[in-house]
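K.L.:
turn this into a structure:
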Amino acid sequence: QVQLEESGGGLVQAGGSLRVSCAISGRTVTNVHVAWFRQAPGKEREFVSAVTRSGSITYYADSVKGRFTISRDNAKNTVYLQMNSLKPEDTAVYYCAARHYDGADPGTSQEYSYWGQGTQVTVSS
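P.N.:
Below is the predicted model of the structure:
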C-alpha cells in the first residue's frame, strides 16, 4: 500500500513561486510513477506533470511547460513540484498520485491507484 501526503500549498501573488511536496510512504519513490494533478472549483481534475520510476523522463501539461518543474529526492522519498511565474488560473487543489508502472498515458487519472488528500494553491491577481 502506498500513502501520499501533499504539503506546501498556500497563497501567492501572480508572478510568484511556490513549491509543493508529495511525501511517499509504503514504497520507495524509485518504485512508483508519480504525477501531479489539479482541480479548480467547478472544473474537472487535470494533469499537470509526472515523473517515471527511474526519474529519467518527465511530462508536463502544455499550460505549465516552462514554468513548473517536477523533481524528486530519493533520500527523502519525496516528489516536488516547483511552480514559478504563477498565474491566477493556476489556482486549484493540487493532488499527488502514484502507480506501480510506467508506459501508460501519464495524464490519465484513472491509471493511478494512489492519491493524496490535496493541497490548496491560490494565486491572487
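K.L.:
would you mark the buried spots in stretch 78-96?
P.N.:
Within stretch 78-96, the residues scored as buried using 16 or more other CB atoms under 10 Å are 78-81, 83, 86, 90-96. (Each C-beta comes from the backbone N, C-alpha and C, glycine too.)
K.L.:
quick one, what contacts the spatially most central residue of the chain?
P.N.:
By CA atoms, centre = their mean, the chain has its centre lying nearest to W36, at 2.3 Å. Shown in contact with W36 (CB atoms under 8 Å, 6 or more residues apart in numbering): 20, 22, 47-50, 70, 79, 81, 94-97.
K.L.:
show me where this structure has its strands.
P.N.:
Along the chain, the stretches classed as strands by DSSP state E are 3-7, 10-13, 18-25, 33-39, 46-51, 58-60, 68-73, 78-83, 92-99, 114-115, 119-124.
K.L.:
which one of these lies closest to T108?
P.N.:
Nearest of the strands of the chain to T108, taken as CB to CB: strand 46-51 at 7.8 Å.
K.L.:
the closest one vs strand 92-99, what angle?
P.N.:
Here the directions of strand 46-51 and strand 92-99 differ by 50 degrees (axes from the mean of the first three to the mean of the last three CA atoms, to 10 degrees).
K.L.:
give me the contacts around strand 46-51.
P.N.:
33-39, 57-61, 64, 68, 70-72, 79, 81, 94, 106-109.
K.L.:
got a quick ChimeraX command for the buried subset of those?
P.N.:
For the buried members of these, the matching ChimeraX selection, counting by 16+ other CB under 10 Å, is:
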select :33,34,35,36,37,38,59,60,61,64,68,70,72,79,81,94,106,107,109
